[in-house]
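# What follows is a predicted protein model with its sequence.
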Amino acid sequence: MKHLLATTCLAIGLFGMASAASACGDVTIASMNWQSAEVLASLDKIILNEGYGCNAEIIVGDTVPTITSMIEKGEPDLAPEGWVDLLPDVVNRGLTEGKLVGAAVALSDGAVQGWWIPKYIADAHPDIKTIDDALKHPELFPDPEDSSKGAVHNGPQGWGGTLATTQLFKAYGGAAAGFNLIDTGSAAGLDGSIAKAYERKQGWMGYYWAPTALLGKYEMVKLQHGVPYDEAEWKRCNTVADCPDPKKNDWPKDTVQTLVTKGFSERAGNDVMDYLNKRSWSNDTVNKLMAWMTDNQASGEDGAKHFLEENEALWTPWVSAEAAEKIKAAL
C-alpha cells in the first residue's frame with residue numbers, strides 16, 4: 001500500500017509539473033508566404049515551445065485570410081507578422097469587438113518602401129539626400145540603354161509600389177530632369193539591376209522595400225521625399241494610375257504588428273504575453289538575417305536558430321530569465 005501510494009503521489013506530482021510546464025497549451029502560429037514572416041513564425045515556435053512549454057505548431061497563412069479567420073473563427077492563435085495597414089477596417093473591427101489583441105510592433109521601424117541609391121553613391125555625394133537632389137544628377141544614375149539619360153528603375157506591373165513610383169516620377173518631374181522610368185519586368189529583373197550595378201560600383205536609383213534579403217546583402221540608402229506625408233493626396237492621386245496631377249508626397253510606412261486572438265491571450269499566461277508584447281526587431285536585423293538565409297538556402301527554422309545563436313543580447317530581454325536558460329539549453 002505504501003509503495004502504491006508513493007507511486008500514485010509521484011505520478012500526480014509529475015502530471016502537475018507537466019501541466020505547469022505546458023500551461024499555454026496548444027498554439028497555432030500563422031506563417032505567411034514570405035521570408036521575414038516565415039523566420040518570425042519559426043522564432044516564436046521555438047521560444048514558446050522551448051522557453052514556455054507550449055505545444056506550438058506552424059500553419060500556412062496569408063494576411064487577409066489569416067486575420068479574417070482569427071476574428072471570425074478564433075484561429076489561428078497567433079499572427080506574428082500582421083501587415084495591419086493592408087486591411088485597417090478589418091483589424092480595427094477585430095480589436096474593437098474584442099476578438100483580436102494587438103501585441104508588439106514586429107518591425108520596430110515599420111515596413112519601408114521608397115526610392116533607394118547605393119551607399120557608395122551616397123557616401124561619395126553627401127549632398128544627395130532627397131529625390132530632388134538625386135534628380136539633379138542624371139549622370140550619376142545612367143540609363144543602361146541610353147547613357148545620355150538618367151534612370152529610375154521601377155518594379156513589375158501589378159505591384160502597388162510600381163504604381164506609386166510611376167506617379168511620383170511624374171510628381172517630381174523625372175522626365176524634365178532628364179530621366180527615363182525603367183520597367184524592370186519582374187522581381188528578378190529589379191533585383192538583378194541592383195546586383196549588377198552594385199558589383200560594378202555603378203550608379204543606380206529606383207524602387208525597393210525593406211525588410212528584404214537583398215538590402216541585407218547590398219547596402220542601400222533610402223532617399224528622403226522632402227515633403228511630409230499627405231494621406232489624402234496619397235489616396236487621391238499618388239496611388240491612382242490614371243490620376244493626371246500627382247503631387248510630391250512622402251511614402252507612408254506600413255505598420256507590421258503581432259496579433260493574437262482574445263482566447264489565446266487569456267489562456268497563454270502572463271509570461272507568454274509578456275514575451276509577445278516585447279518581441280520586436282529592426283529592418284536592419286531582419287535584412288541581414290534574410291541575406292544569411294538566402295546565401296545558405298536556409299529554412300525559416302534554420303534562420304530562427306541562427307538568429308538565436310548569434311543575437312543573444314537582442315532576444316534575451318524579450319523573455320524571462322528562466323525561459324532564456326531553457327532556450328539556450330535547447331540550442
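Cool, the structure landed. Residues are numbered from 1 along each chain as shown.
# Please enumerate the strands of the stretch 51-200 of the chain.
With strands called from DSSP state E, counting those that start in this stretch, the stretch 51-200 of the chain shows them at 55-60, 78-83, 100-105, 112-118, 142-143, 146-154, 179-183.
# Direction included, what does the shortest one pair against?
Partners of strand 142-143 in the sheet, by DSSP bridges, are strand 146-154 (antiparallel).
# Please export the alpha-carbon coordinates of the partner strand; PDB is fine.
Taking Å, rounded to 0.1, in the frame of the first residue of the first chain, the C-alpha atoms of strand 146-154 are listed here in PDB:
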ATOM      1  CA  ASP A 146      20.900  55.400 -73.100                       C
ATOM      2  CA  SER A 147      23.800  56.900 -71.200                       C
ATOM      3  CA  SER A 148      22.600  60.400 -72.100                       C
ATOM      4  CA  LYS A 149      19.700  59.900 -69.800                       C
ATOM      5  CA  GLY A 150      19.400  59.100 -66.100                       C
ATOM      6  CA  ALA A 151      17.200  56.100 -65.000                       C
ATOM      7  CA  VAL A 152      14.700  55.400 -62.200                       C
ATOM      8  CA  HIS A 153      14.200  51.700 -62.000                       C
ATOM      9  CA  ASN A 154      10.700  50.500 -61.300                       C
END
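# Go through it and flag the buried ones.
For strand 146-154, a neighbour-count test (16 or more other C-beta atoms under 10 Å) marks Lys149, Gly150, Ala151, Val152, His153, Asn154 as buried. For every residue, glycine as well, the C-beta is placed using N, CA and C.
# Tabulate those residues (TSV), appending pLDDT and distance to Lys328.
Listed next are the buried residues of strand 146-154 as TSV, based on pLDDT from 0 to 100; distance: C-beta to C-beta, whole Å:
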residue	pLDDT	distance to Lys328
Lys149	98	56
Gly150	98	52
Ala151	98	49
Val152	98	48
His153	98	44
Asn154	97	46
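# And the residues you listed, which is closest to Gly174?
For those, the minimum distance to Gly174 (C-beta to C-beta) is 5.8 Å, reached by Val152.
# Tell me which of the strands of the stretch 51-200 of the chain sits nearest to Asp26.
strand 55-60 (4.9 Å).
# so how far is stretch 221-241 from its chain's centroid?
21 Å (C-alpha atoms, centre = their mean, to the nearest Å).
# do stretch 34-54 as well
The answer for stretch 34-54 is 15 Å, by C-alpha atoms, centre = their mean.
# first to last residue in that stretch, what's the distance?
End-to-end distance for stretch 34-54, by C-alpha to C-alpha, to the nearest Å: 25 Å.
# Buried residues in that stretch, which are they?
Per 16+ other C-beta under 10 Å, stretch 34-54 contains these buried residues: 35-54.
# what does stretch 99-108 give?
Neighbour count says stretch 99-108 has Lys99, Leu100, Val101, Gly102, Ala103, Ala104, Val105, Ala106, Leu107 buried, by 16+ other C-beta under 10 Å.
# My guess is the last one contacts Asp284. True?
No. With contact defined as C-beta atoms under 8 Å, Leu107 does not reach Asp284; the gap is 10.6 Å.
# Look at Lys129 and say how many residues are nearby.
Neighbour count for Lys129, taken as other C-beta atoms under 10 Å: 14.
# Under the pLDDT cut-off, which ranges of the protein? List them.
Low-confidence segments of the chain (pLDDT under 70): 1-23.
# Can you give the domain ranges for it?
23-110+255-330, 112-238 (automatic domain parsing).
# which residues in the stretch 201-331 of the chain form helices?
213-217, 231-233, 262-267, 270-278, 283-295, 300-310, 312-315, 321-330 (DSSP state H, counting those that start in this stretch).
# With mean neighbour count as new columns, can the ones you listed be given to me in a markdown table?
Below are the helices of the stretch 201-331 of the chain laid out as a markdown table (neighbours: other C-beta atoms under 10 Å):
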| stretch | mean neighbour count |
| --- | --- |
| helix 213-217 | 21 |
| helix 231-233 | 12 |
| helix 262-267 | 16 |
| helix 270-278 | 18 |
| helix 283-295 | 20 |
| helix 300-310 | 18 |
| helix 312-315 | 13 |
| helix 321-330 | 14 |
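# Skip the chain neighbours and tell me the closest residue to Lys288.
Gly216 (4.4 Å; C-beta to C-beta, 6 or more residues apart in numbering).
# distance of the one you found from Trp251?
Distance from Gly216 to Trp251, counting by C-beta to C-beta, to the nearest Å: 20 Å.
# cool, Thr212 as well?
15 Å.
# could the buried residues of strand 146-154 go into a markdown table alongside distance to Leu135?
Listed next are these as a markdown table, based on distance: C-beta to C-beta, whole Å:
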| residue | distance to Leu135 |
| --- | --- |
| Lys149 | 12 |
| Gly150 | 7 |
| Ala151 | 11 |
| Val152 | 8 |
| His153 | 14 |
| Asn154 | 15 |
